[in-house]
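[1] sequence first, then the predicted structure:
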Amino acid sequence: MKNLKQLGIFMDHTHAHLMEYHKDAIECKTLDKHSISHGDHHSSHHAEVRLHTKEKTEQEVYYKKLADVIQNYDSVLLFGPTEAKVELLHHLRADHHFANIKIEVKNTDKLTENQQHAVVKEHFMK
């Protein structure tokens, strides 16, 4: 039987804690979206539109980075306190490259690192 590559991602809109699950250990990495440089604030409508466009682009780049990681796994658990996990799921479902990856979403509160690891272990031990 093939060993499944399993990944848990505790995430919000700016940070993702990636936990690769193995029977005897969890390997962790962190992926952070670069903070937005606001520069000078102008009250003009054009400045607001540019800022909104920049934020949207940065969010898309962040989800793309996560997608690049996820494509190397067989089973993925997205969890956390915000809607970012659902937004990422929609992004992934729109791409046929992720059709054969089992992706599940779980709502959780804000968790400590040990609690995150416990969620991943419990999910993948089933």
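    Nice, thanks for sending it over.

[2] quick one: D12 from V86, how far?
    Distance, D12 to V86, using C-beta to C-beta, to the nearest Å: 12 Å. Backbone N, C-alpha and C define where each C-beta goes, glycine included.

[3] now swap in T112 and tell me
    23 Å.

[4] C-terminal to the worst-scoring helix or strand of the chain on mean pLDDT, what's the next element?
    Least confident helix or strand, the chain: helix 45-70 with a mean of 86, by mean pLDDT, DSSP states H and E. Downstream of helix 45-70, the first helix or strand assigned by DSSP states H and E is strand 75-80.

[5] can you list the strands that that next one pairs with?
    strand 6-11 (parallel), strand 102-107 (parallel) (DSSP bridges).

[6] buried ones in the last one?
    Across strand 102-107, burial judged by 16 or more other C-beta atoms under 10 Å covers I103.

[7] now it: mean pLDDT?
    Averaging pLDDT along strand 102-107 yields 98.

[8] and that strand, how far out from the chain's middle?
    11 Å (C-alpha atoms, centre = their mean, to the nearest Å).

[9] which residues does D12 contact?
    By C-beta atoms under 8 Å, 6 or more residues apart in numbering, the contact list for D12 reads 80-82, 84.

[10] try 6 Å this time
    Taking C-beta atoms under 6 Å, 6 or more residues apart in numbering, we find D12 in contact with 80, 82, 84.
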